[in-house]
Each structure stands twice: as C-alpha cells, then as structure tokens.
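Enquirer: Provided below are the primary sequence and the corresponding predicted coordinates.
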Amino acid sequence: MSNIQIKIDGMTCGGCAKSVTNALQQCRGVNSVNVDHVSGLAQIDYDPQQISVQELKTAIEDSGFDVIN
Ligand SMILES: [Cu+2]
C-alpha cells in the first residue's frame, strides 16, 4: 500500500470534498481517502499494483476539480 498527497484546486466547501472523496473511493485499488477543502489536500492510501497516480489524478479531474501537482 502506498500513500500520496495530492493538491487540488477549486474546492470551496465540504460538499466539494465529499464529491472528490466519493470519486476516489469508487476507484479500484483505493484503500482510504481523506480530503480537506480548506487546505485543498487529498491524502490517499492506494495499491500501486491496481491504480496509478495518473489514474487517481484523472478521477479527481473527472469529478470537476483541478489537480495542482
Ligand atoms: Cu463545495
């Protein structure tokens, strides 16, 4: 299991954070997710054998937000 912190732009409230959380939790290989809209940070525990960092970022962008790093 690996852990990554991804910085997200565009989240303004807890509802935004929930949208990102839901999108990530639907991805295979994602173990746990913690998204904070104030800092704009997503902490993700994932299995690198099942999902790549690029796929995680794509899932975030598909939920309507921008990935900064
Ligand atoms: Cu919001």
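Expert: That came through fine.

Enquirer: contacts, neighbours, all on C-alpha from now
Expert: Will do.

Enquirer: can you list the residues that contact the longest helix belonging to the chain?
Expert: The longest helix of the chain (DSSP state H) is helix 14-25. For helix 14-25, the surrounding residues in contact (CA atoms under 8 Å, 6 or more residues apart in numbering) are 11, 30-37, 56, 59-60, 63.

Enquirer: and the two most separated of those?
Expert: 11 and 31 (22.1 Å; CA to CA).

Enquirer: Looking at these two, which is more packed in?
Expert: residue 11 (22 against 15; other CA atoms under 10 Å).

Enquirer: How about the contacts made by the more buried one?
Expert: So residue 11 contacts 17, 37, 38, 40, 65 (CA under 8 Å, 6+ apart).

Enquirer: burial of the closest residue in space to the last one that isn't next to it in sequence, as a residue count?
Expert: Beyond its immediate neighbours in the sequence, the residue positioned closest to residue 65 (CA to CA, 6 or more residues apart in numbering) is residue 10, lying 5.7 Å away. For residue 10, the count of nearby residues is 13 (other CA under 10 Å).

Enquirer: Residue 10 and residue 23: what is the separation?
Expert: 15 Å (CA to CA, to the nearest Å).
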